[in-house]
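[1] Provided below are the primary sequence and the corresponding predicted coordinates.
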Amino acid sequence: MIRTILVPTDFSESADSALEHAFFHARLHDAQVHLLHVVERPFVTVPELPDEIFQMAADHARESVRILLRRHERTLNDLMVTVVPQKSSHTIAEEVVAFAVDNRCDMIVMGTHGRRGPRRLLLGSVTEDVLRHAGIPVLTVRQDESLVMDDGNRHILVPLDLGDGTDPAIRMATDLALKMNARLELLHVVDVGFFPYYGILEDPVLALEEKAMKHAGAMLLQRADAIRSVGIDVEIHRRKGPVADRILNFISENELDLVVMASHGRDGLDRVLLGSITERVLRGAHVPVLVAPVSDHQGRAGARHAGEEALQLDQ
């Protein structure tokens, strides 16, 4: 259940795009949007930051909030705004995660690029830190990703590893497909690695790939049939090669509105969505990417643990 959506903002164009997407998902789920700005402590060489400088930053943030609210007057009933000072011992990502835990947020929507300099917020490293520790679904939106979803022609890509690790992504994508009247594109990439072949007997890599592709087809059909049983249109796709590259190729070659992927896969031949692959897709995809945690139970526990760690840093 998505009832509260958190949008961290630095008032940049990227953050505005994230807020637009957050309002869209709030309407889908009948959820409330909570906008958070963390007043960042500028880096200085003196041991103590003068209170006047920090107060000026807070005043500037409040004025930026007023400007933002004027731009979204029609949706103010769904929007709560909080401006908090950054604790001296916390990172921006820790502030975001702790706020999400304290306010029982169910999803975070954030821009992948913010400003440079002391007023930056959601640069790549911050986004990745939030993704690693939030424990709840995180939707990342680029600055140029305006919301242009057509009600009659929506497509959601779900990369799968065919194990249990990507079940949360399937559940989230299925729920969204029902609400958005969208078609699901299930993709599995077979990557058996590289082994030298010296031309003796049968190529072991080719034989292994063929076996894996056949197994993937059967497993994808099983998943697709289960999803179709609830009234969702599904297409299945198989690819061979480096996992992140093939996922990004599929995204660039097809008209997609959203990618839903799990934050973790499993090791071995059927791996797909391990941390490094997820991060590569997030950096390279030109459409919004929604990262689902391993499980709701594990996600809540992970978020609570991360939030407790962030709070302990200031004690």
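    Nice, thanks for sending it over. Because the structure is a prediction, the values reported are computed rather than measured.
[2] what distance separates stretch 16-33 from the centre of its chain?
    When distances are taken as CA atoms, centre = their mean, to the nearest Å, stretch 16-33 is centred 14 Å away from the chain's centroid.
[3] One more: stretch 126-144?
    5 Å.
[4] same thing with stretch 251-267?
    Here the centre of stretch 251-267 is set off from its chain's centre by 10 Å, with CA atoms, centre = their mean.
[5] doesn't Val234 make contact with Ala224?
    Yes: using CB atoms under 8 Å, Ala224 is in contact with Val234, at 4.3 Å. Glycine gets a C-beta too; all of them are placed from N, C-alpha and C.
[6] quick one: common contacting residues for the two?
    Taking CB atoms under 8 Å, 6 or more residues apart in numbering as the criterion, Ala224 and Val234 both touch Leu186.
[7] What average pLDDT does stretch 143-162 get?
    Within the predicted structure, the mean pLDDT of stretch 143-162 is 76.
[8] Same question for stretch 60-78.
    pLDDT averaged over stretch 60-78 gives 77.
[9] Can I get that stretch in PDB, CA atoms only?
    Listed next in PDB are the C-alpha coordinates belonging to stretch 60-78 (Å, rounded to 0.1, in the frame of the first residue of the first chain):
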ATOM      1  CA  HIS A  60      16.300  31.100   1.400                       C
ATOM      2  CA  ALA A  61      14.900  27.600   1.600                       C
ATOM      3  CA  ARG A  62      11.600  28.800   3.000                       C
ATOM      4  CA  GLU A  63      11.300  31.400   0.300                       C
ATOM      5  CA  SER A  64      12.000  28.700  -2.300                       C
ATOM      6  CA  VAL A  65       9.200  26.700  -0.700                       C
ATOM      7  CA  ARG A  66       6.700  29.600  -1.100                       C
ATOM      8  CA  ILE A  67       7.600  29.900  -4.800                       C
ATOM      9  CA  LEU A  68       7.200  26.200  -5.300                       C
ATOM     10  CA  LEU A  69       3.800  26.100  -3.600                       C
ATOM     11  CA  ARG A  70       2.600  28.900  -5.800                       C
ATOM     12  CA  ARG A  71       3.400  26.700  -8.800                       C
ATOM     13  CA  HIS A  72       1.400  23.800  -7.400                       C
ATOM     14  CA  GLU A  73      -1.600  25.600  -6.000                       C
ATOM     15  CA  ARG A  74      -4.100  23.200  -7.600                       C
ATOM     16  CA  THR A  75      -2.500  20.200  -5.800                       C
ATOM     17  CA  LEU A  76      -1.800  21.700  -2.400                       C
ATOM     18  CA  ASN A  77      -4.400  19.500  -0.700                       C
ATOM     19  CA  ASP A  78      -2.100  16.500  -1.400                       C
END
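[10] quick one: contacts of stretch 5-13?
    Taking CB under 8 Å, 6+ apart as the criterion, the residues outside stretch 5-13 that touch it are 15-16, 18-19, 22, 25-26, 29, 31-38, 64, 67-68, 92, 96, 99-100, 103, 105-111, 113-115, 119-122, 130, 143.
[11] try 7 Å this time
    The contact list for stretch 5-13 (CB atoms under 7 Å, 6 or more residues apart in numbering) reads 15, 18-19, 22, 25-26, 31, 33-37, 64, 68, 96, 99-100, 105-111, 114-115, 119-122, 143.
[12] Tell me the helices and strands packed up against the lengthiest helix in the chain.
    The single longest helix within the chain, with elements called by DSSP state H, is helix 204-228. Helix 204-228 sits against strand 182-190, strand 234-240, with contacts defined as 3 or more CB pairs under 7 Å, 6 or more residues apart in numbering; DSSP states H and E.
[13] so what does the shortest one touch, helix or strand wise?
    With contacts taken as 3+ CB pairs under 7 Å, 6+ apart, strand 234-240 sits against strand 182-190, helix 204-228, helix 243-253.
[14] For the chain, name the helix or strand with the lowest mean pLDDT.
    Taking mean pLDDT, DSSP states H and E as the measure, the helix or strand of the chain with the lowest value is helix 296-312, at a mean of 37.
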